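1. 3D model of this:
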Amino acid sequence: QVQLVESGGGLVQPGGSLRLSCAASGFTFSSYVMSWVRQAPGKGLEWVSDIYSGGSSTYYVDSVKGRFTISRDNAKNTLYLQMNSLKPEDTAVYYCAKGGLARSDPLDYWGQGTQVTVSS
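-> You can find the predicted model right below:
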């Protein structure tokens, strides 16, 4: 069955960096769009970033552009999110999710999430 397991979250000071990973199994990882979505305390889900199957096309919400980088290693079935210049407003549970063949397809599987806390 499809499994997505995030790791790499933690507590970091403002301006710091974290790298999230998402280990995928149970499907042909290299064929699908993958996404990062976050949920801040008391708020709804917010899409953060998408990456197409080959890794060359990436998309970001405006609030993280220039600070976050999504990438994937299809040989290792792993999705990454490099987060630099972190701000307190980046505090959230971060989820990786499996998309379809195109960005317009719905996200159909989600990981359990990893907590990112940005605080001094």
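
2. using the three-state scheme, assign the closest residue to Val64 other than its chain neighbours.
-> Leaving out its chain neighbours, the residue that sits closest to Val64 by C-beta to C-beta, 6 or more residues apart in numbering is Val48, at 6.0 Å. Just so you know, the C-beta spots here come from the backbone N, C-alpha and C atoms, and that holds for glycine as well. Under DSSP: H, G, I helix; E, B strand; the rest coil, Val48 falls in the strand class.

3. contact partners for Val48?
-> Contacts for Val48 (C-beta atoms under 8 Å, 6 or more residues apart in numbering) come out as Ser35, Trp36, Val37, Arg38, Tyr60, Val61, Val64, Phe68, Leu81, Tyr94.

4. now the fourth one: how far from Pro88?
-> Okay, so that is Arg38. Here Arg38 is placed at a distance of 13 Å from Pro88 (C-beta to C-beta, to the nearest Å).

5. wait, Gly16 sits on Val118?
-> Yes: using C-beta atoms under 8 Å, Gly16 is in contact with Val118, at 7.4 Å.

6. now do the same contact list for Glu6.
-> Here Glu6 is in contact with Leu20, Ser21, Cys22, Tyr94, Tyr95, Cys96, Gly111, Gln112, Gly113, Thr114 (C-beta under 8 Å, 6+ apart).

7. type out the ChimeraX command that picks the buried ones from those.
-> Typed into ChimeraX, the line below selects the buried ones among the contacts of Glu6, using 16 or more other C-beta atoms under 10 Å:
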select :20,21,22,94,95,96,111,113,114
